[in-house]
Structure formats: C-alpha cells, structure tokens
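# when you get a sec, could you give me coordinates for this:
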Amino acid sequence: QVQLVESGGGLVQAGGSLRLSCAASGRSFSSYTIGWFRQAPGKEREFVAGIRWSGGNTAYGDSVKGRFTISRDTAKNTVYLQMNSLKPEDTAVYYCAADRVDFVVRTLTAVYDYWGQGTQVTVSS
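From the prediction side, this is the model:
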C-alpha cells in the first residue's frame with residue numbers, strides 16, 4: 001500500500017498563498033488518483049482538488065476554482081496544491097488521499113483508499 005505524507009501548512013494572512021505537498025512513501029503514485037480534501041471544525045470533509053497520476057487530468061471543488069492549482073512531479077513522486085488568494089473560510093485541516101481508481105477524478109471522500117495525517121492551514125483576516 002501507499003503511505004502519504006503532507007507538508008506545507010501554516011498560518012497566512014487573507015490574500016496570501018501557501019503550497020502544500022503530498023509525498024508518497026512505500027510505493028509510487030502511479031495508477032492512483034490523488035485528491036486533496038479539507039475539514040473545518042464542525043463541518044464535513046470536502047473535496048478540494050484531484051489529479052490523475054497517469055494522465056494529469058484535474059478537477060476542483062467549486063469554492064477553490066480559479067484560486068487553487070493541483071499539480072504533480074513524477075520524478076519526486078509528489079503532488080502539490082498551490083493555494084492563492086486565500087480566504088479565512090479556507091481555514092481547515094487539509095488531507096491528501098489516494099484512490100486506486102485512476103481513470104477519473106472522483107470527489108467522494110468514501111472512495112479514497114489511503115489518507116495522510118493532515119496539515120493545518122489557518123488564514124487570518
């Protein structure tokens with residue numbers, strides 16, 4: 001199985017940027033779809049963005065379209081989430097996850113097989 005390790009979270013002012021990383025350990029991300037999710041206190045975990053490792057196709061949640069960009073570095077076996085124009089409502093724990101179905105980016109939390117430990121993102125107003 002694949003282990004996922006997130007990094008890059010922190011505290012940033014509204015309007016600022018952060019880049020999260022999700023690195024694979026144990027095996028390669030090849031043949032997986034990698035998703036980013038987030039969960040704010042008292043709210044359900046929601047889909048943020050996803051990328052098919054083999055084809056590079058991407059998908060985004062409506063609340064982040066135009067502000068966040070997901071990408072991958074196949075040499076480093078790492079997926080990135082570039083977050084720009086951050087808002088206080090983006091504050092959450094961000095998780096990366098791997099889905100063994102790799103022909104489409106799926107957005108449901110329940111279908112993802114492996115999860116990282118999460119990284120906190122806090123946006124101050």
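
# roughly how far apart are the most centrally placed residue in the chain and residue 125?
For the chain, the residue sitting closest to the mean C-alpha position, by Cα atoms, centre = their mean, is residue 36 at 2.2 Å. Distance of residue 36 to residue 125, given as Cβ to Cβ, to the nearest Å: 23 Å. C-betas here are computed from N, CA, C, even on glycine.

# pLDDT at the closest residue to residue 27 other than its chain neighbours, what is it?
Counting by Cβ to Cβ, 6 or more residues apart in numbering, the nearest residue to residue 27 once its immediate chain neighbours are dropped is residue 2, at 5.0 Å. pLDDT for residue 2: 88.

# for the chain, give me the ranges with low pLDDT.
The chain contains no residues with pLDDT under 70.

# can I assume the residue nearest to the centre of the chain sits in a strand?
Yes. Per DSSP: H, G, I helix; E, B strand; the rest coil, residue 36 lies within a strand segment.

# so in terms of bridging, what pairs with it?
Note on residue 36: beta-bridge partners by DSSP bridges are residue 49, residue 96.

# surely it touches residue 50?
Yes. Under the criterion of Cβ atoms under 8 Å, residue 36 makes contact with residue 50 at 7.1 Å.

# joint contacts of the two?
In terms of Cβ atoms under 8 Å, 6 or more residues apart in numbering, residue 36 and residue 50 are both contacted by the residues residue 70.

# skipping adjacent residues, who's closest to residue 78 in space?
residue 23 (4.8 Å).

# for that neighbour, give me its contacts.
4-5, 7, 76-78.

# show me what it is bridged to.
For residue 23, the beta-bridge partners under DSSP bridges are residue 5, residue 78.
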